[in-house]
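[1] With the input below, show me the fold.
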Amino acid sequence: MRLSNLADYAVVTMSAAARHCGGARTSAGELAAETGLPAPTVQKVVSKLTAAGLLRSTRGAGGGLQLARPAAAITLADIVEAVEGPITLTACIDGHDCAVDHSCTVKRHWPMVNAALRGALAGIPLTRLSVEAV
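    Residues are numbered from 1 along each chain as shown. Next up is the predicted model:
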């Protein structure tokens with residue numbers, strides 16, 4: 001399994017936003033400058049993260065972006081799902097057609113595998129990802 005570039009960028013963006021936690025609000029432009037990501041990409045990611053309720057955007061003077069809840073209450077699973085949707089390893093779990101669905105002996109086990117993967121990602125809070133290397 002590999003995260004999409006957009007999911008990776010969402011993690012990087014949220015990590016940068018978390019470093020502003022408790023301070024002044026930030027902007028998508030500032031996050032782009034801090035992360036080295038292109039501003040249009042950060043804006044797209046910020047839009048998805050805001051829609052998922054992970055970031056809060058305030059307009060006007062003194063406005064900007066801030067985490068919608070404490071960094072410790074946001075997990076890697078939350079961030080990935082905000083961009084990718086539910087964490088599933090196979091298409092058959094999402095209700096997509098499968099050529100071997102009628103004879104598949106593994107399908108009933110995929111929910112357990114997906115839950116284990118999601119659980120692992122849910123066990124990593126944003127606070128662990130936002131610590132700068134020393």
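[2] Can you tell me the SS state at residue 66?
    Secondary structure state of residue 66, per DSSP: H, G, I helix; E, B strand; the rest coil, is strand.
[3] Next one, pLDDT for it please.
    Confidence at residue 66, expressed as pLDDT, is 92.
[4] Which residue comes closest to residue 122 once chain neighbours are left out?
    Taking C-beta to C-beta, 6 or more residues apart in numbering as the measure, residue 122 lies nearest to residue 77, with 4.0 Å between them; neighbours along the chain are not counted. Placement of C-beta: from N, CA and C, glycine included.
[5] In contact with the one you found: list those residues for me.
    By C-beta atoms under 8 Å, 6 or more residues apart in numbering, the residues touching residue 77 are 87, 118, 121, 122, 124.
[6] Just those: which are in helices?
    Assigned to helices by DSSP state H, the following of these qualify: 118, 121, 122.
[7] Neighbour-wise, which one of those leads?
    Neighbour counts for the ones in helices among the contacts of residue 77 (other C-beta atoms under 10 Å) peak at residue 118, which has 18 neighbours.
[8] Distance check, that one against residue 46.
    Applying C-beta to C-beta, to the nearest Å, one obtains 24 Å for the distance of residue 118 from residue 46.
[9] hey, where'd the helices end up in the chain?
    Read by DSSP H, the chain holds these helices, from start to end of the chain: 5-18, 28-35, 39-51, 76-84, 110-122, 126-129.
[10] Can you tell me which residue is spatially central in the chain?
    Against the mean C-alpha coordinate of the chain, by C-alpha atoms, centre = their mean, the closest residue is residue 79 at 1.6 Å.
[11] and the least confident of the contacts of residue 77?
    Of all the contacts of residue 77, residue 87 carries the smallest pLDDT score, 85.
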